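Trainee: A structural model of the following input is requested.
(chains A and B)
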There are 2 protein chains.
Amino acid sequence: MTGTNDGNAVRRVKALAFDVFGTVVDWRSGIAHEAAAWFAAIGREDIDAASFADAWRGLYQPALEACRSGARPYTRLDILNRETLEQLLHTLGVDRVAVGDARLATLAQAWRRLPPWPDAVPGLVRLKQRLPIVTLSNGNVALILEMARRAGLPWDAILGADATQCFKPLPQAYLGTADLLGIEPAELCLVAAHHSDLAAARACGLATAFVARPQEYGGRRAPDADARQDWEFEVDSLEALADVFGC
Amino acid sequence: MTGTNDGNAVRRVKALAFDVFGTVVDWRSGIAHEAAAWFAAIGREDIDAASFADAWRGLYQPALEACRSGARPYTRLDILNRETLEQLLHTLGVDRVAVGDARLATLAQAWRRLPPWPDAVPGLVRLKQRLPIVTLSNGNVALILEMARRAGLPWDAILGADATQCFKPLPQAYLGTADLLGIEPAELCLVAAHHSDLAAARACGLATAFVARPQEYGGRRAPDADARQDWEFEVDSLEALADVFGC
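Mentor: The predicted structure follows:
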């Protein structure tokens, strides 16, 4: 892939902040994998696991939006995931009481066990040698921490939602992260697979790195494909980003 | 050293939260080392670097207390360190204007460059294999992050002051950390070289691990020596703590 990828832009960056769901880990495969086993265990093999993953992810932005708009206070993603799961299971005719709390909690926390894209860990290990690597995710600390320990993601710090008490793409998510790092917005680069996320970061003055993840939606077009801009960096893996940064 | 160190207490712990200054890093040697070079550079070799380190550390709790009491809002330790440094240099007759901002900032951030005790990195590496290891320090994210990258401290997350927006020993520092990790206070163990810190953690329901650091004050008696209690775990290094936890 192409992009500016120029030396001046590289030299300005003092830290890299990563979107996580879709950029670093493959939520669709991970959720589908766990859901398939879970539905089999309750005798509902008729439910397509990949469609279920898409439907669950579809409830994600509306749940965040309720917090972003001020309709409800900031609420951790672990809790929102549990709520949207119950909502979705209801529409699928799954009896929440028969399933039981423990089994429900297991699936609700499947987001903590998502698999990294194959290039993620080697790419992050290389990038970390040169720059601080932090999360700038809408996931809460407990979720991102368990995911990191399972997958071997070597974050220097888990920032984002809990740290700034808000969700992207609100400006405070980006500006608050730079502030916590003690650097200027222009010195922080958001790394994300989503044009809408990068556009909001750029509006706050951050540098932007797009990572193409054509399989995020199982090969279908991304919902924010039209928000594409000419980002400072454009790569197709975190290993390629490490190349760009000379790591 | 002795202590309960029993298997039941070990099994209850789901995460370890570490005090940093004095417990993981040697602030007195680190500050004295940087101060000696700094005073030499401005022609003030007459100032004793170790006494300077003690005096600077002596201004630490009063600065935090202003925030804890509500007299001023939560303020990052990087900023408080800079303020107490200026205060101390004034009493030593160092001309702040002649010194200049850049040189002042360098010494103010010496807390980001403190050396770990020799057992800290190997102990943390072992402990991390079994349990999440997070900071529960009054240091801000940017300070603890730079320290971690320089010293190779492999934290799973940087929690504490910025994350809870308050300073130890306020209860919210301990309770807020357990809450961010999604665990009960009793499932979180504070690891600290200071009895006063451990006492406050215990009052909040946390488990407690004391690490003896007899050289923290250059061999002198710790100011909170009288606050000693019978902690769940008592060790003389983080490697010994890894032994206790079977890592």
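Trainee: Which parts of chain A are strands?
Mentor: With DSSP state E as the criterion, chain A has strands at A:15-18, A:133-137, A:157-160, A:188-192, A:207-211, A:233-235.
Trainee: now these in TSV, with mean neighbour count, mean pLDDT and distance to chain B?
Mentor: Quick note: C-beta positions are derived from backbone N, CA and C, even for glycine. Formatted as TSV, the strands of chain A follow (neighbours: other CB atoms under 10 Å in any protein chain shown; pLDDT from 0 to 100; distance: least, CB to the nearest CB, whole Å):
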stretch	mean neighbour count	mean pLDDT	distance to chain B
strand A:15-18	25	98	9
strand A:133-137	26	98	8
strand A:157-160	30	97	5
strand A:188-192	28	98	12
strand A:207-211	26	98	18
strand A:233-235	22	97	22
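Trainee: Quick one: these as a markdown table, columns for distance to B:Leu145 too.
Mentor: Converted to a markdown table, the strands of chain A look like this (distance: least, CB to CB, whole Å):
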| stretch | distance to B:Leu145 |
| --- | --- |
| strand A:15-18 | 9 |
| strand A:133-137 | 8 |
| strand A:157-160 | 5 |
| strand A:188-192 | 13 |
| strand A:207-211 | 19 |
| strand A:233-235 | 22 |
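Trainee: Figure out which of the ones you listed is closest to B:Ile133.
Mentor: Nearest to B:Ile133 among the strands of chain A is strand A:157-160; the distance by CB to CB comes to 12.8 Å.
Trainee: which stretches of chain A have low pLDDT?
Mentor: A:1-5 (pLDDT under 70).
Trainee: As a quick check, tell me the outermost residue of it.
Mentor: In chain A, the greatest distance from the average C-alpha position (CA atoms, centre = their mean) is reached by A:Ala98, at 31.7 Å.
Trainee: Could you point out which of the strands of chain A sits nearest A:Ala37?
Mentor: Among these, the nearest to A:Ala37 by CB to CB is strand A:133-137 (25.4 Å).
Trainee: partners of the closest one in the sheet?
Mentor: Under the criterion DSSP bridges, strand A:133-137 sits next to strand A:15-18 (parallel), strand A:157-160 (parallel) in its sheet.
Trainee: Could you pull up the residues touching the residue most central in space within chain A?
Mentor: What sits nearest the mean C-alpha location of chain A, by CA atoms, centre = their mean, is A:Phe21, with 2.3 Å. Taking CB atoms under 8 Å, 6 or more residues apart in numbering or on different chains as the contact definition, A:Phe21 lies against A:27, A:111, A:114, A:137-139.
Trainee: Okay, and which of those map to helices?
Mentor: Counting by DSSP state H, those place A:Trp27 in helices.
Trainee: Among the contacts of A:Phe21, which pair sits farthest apart?
Mentor: A:Leu114 and A:Asn138 (13.6 Å).
Trainee: re the thing from before, in space, what's closest to the residue farthest from the centre of chain A - neighbours in sequence excluded?
Mentor: Using CB to CB, 6 or more residues apart in numbering or on different chains and skipping the chain neighbours, the partner closest in space to A:Ala98 is A:Ile42 (7.9 Å).
Trainee: Report how many residues lie close to A:Thr177.
Mentor: By other CB atoms under 10 Å in any protein chain shown, 28 other residues sit near A:Thr177.
Trainee: check contacts around it.
Mentor: Counting by CB under 8 Å, 6+ apart, A:Thr177 has contacts A:17, A:134, A:136, A:159-160, A:163-164, A:188.
Trainee: cool, and A:Val244?
Mentor: Counting by CB under 8 Å, 6+ apart, the residues that A:Val244 touches are A:5, A:10, A:209, A:233, A:235.
Trainee: any idea how far it lies from B:Ser196?
Mentor: According to CB to CB, to the nearest Å, A:Val244 and B:Ser196 sit 48 Å apart.
Trainee: Please apply the same query to A:Ala50.
Mentor: With CB to CB as the criterion, A:Ala50 and B:Ser196 are 55 Å apart.
Trainee: ends of stretch A:231-243, how far apart?
Mentor: In terms of CA to CA, to the nearest Å, the two terminal residues of stretch A:231-243 are separated by 17 Å.
Trainee: and what of stretch A:207-225?
Mentor: Start-to-end, stretch A:207-225 (CA to CA) is 19 Å.
Trainee: For that stretch, give me every contacting residue.
Mentor: Here stretch A:207-225 makes contact (CB under 8 Å, 6+ apart) with A:1, A:3, A:9, A:12-13, A:16, A:22-23, A:26-28, A:50, A:54, A:117, A:186-196, A:198, A:201-202, A:229, A:231-238, A:241, A:244.
Trainee: go again using 7 Å as the cut-off
Mentor: A:1, A:9, A:12-13, A:22-23, A:28, A:50, A:117, A:186, A:188-196, A:198, A:201-202, A:231-238, A:241 (CB atoms under 7 Å, 6 or more residues apart in numbering or on different chains).
Trainee: Mind giving me the ChimeraX select for those residues, buried ones only?
Mentor: In ChimeraX syntax, the buried subset of these is picked out as below (16 or more other CB atoms under 10 Å in any protein chain shown):
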select /A:9,13,22,23,28,117,188,189,190,191,192,193,194,195,196,198,201,202,231,232,233,234,235,237,238,241
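Trainee: Now, the contacts of stretch A:207-225 that are in helices?
Mentor: A:9, A:12, A:28, A:50, A:195-196, A:198, A:201-202, A:238, A:241.
Trainee: Which members of those are the farthest-apart pair?
Mentor: A:Arg12 and A:Ala50 (40.4 Å).
Trainee: ok, the residue lying closest to A:His90 once chain neighbours are set aside - contacts?
Mentor: The shortest distance from A:His90 to any non-neighbouring residue, by CB to CB, 6+ apart, is to A:Arg96 (6.9 Å). A:Arg96 makes contact with A:86, A:89-90, A:104 under the criterion CB under 7 Å, 6+ apart.
Trainee: could you flag which of those are buried?
Mentor: In the contacts of A:Arg96, the ones that pass as buried (16+ other CB under 10 Å) are A:89, A:104.
Trainee: A:Asp179: which of the contacts of A:Arg96 is nearest?
Mentor: Out of the contacts of A:Arg96, the member with the shortest distance to A:Asp179 (by CB to CB) is A:Glu86, at 35.7 Å.
Trainee: Residue numbers of chain A in contact with chain B?
Mentor: A:78, A:132, A:141-142, A:145, A:148-149, A:156-158, A:162-163, A:180-182 (CB under 7 Å from any CB of the partner chain).
Trainee: switch to 10 Å and redo it
Mentor: A:15, A:76, A:78-79, A:109, A:112, A:128-129, A:131-132, A:134-135, A:140-146, A:148-149, A:154-159, A:162-163, A:165, A:177, A:179-183 (CB under 10 Å from any CB of the partner chain).
Trainee: Now a ChimeraX select for only the buried ones of those residues.
Mentor: Here is the ChimeraX command that selects the buried residues among the residues of chain A next to chain B (16+ other CB under 10 Å):
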select /A:15,76,78,109,112,128,131,132,134,135,140,141,142,143,144,145,146,148,155,156,157,158,159,162,163,177,179,180,181,182,183
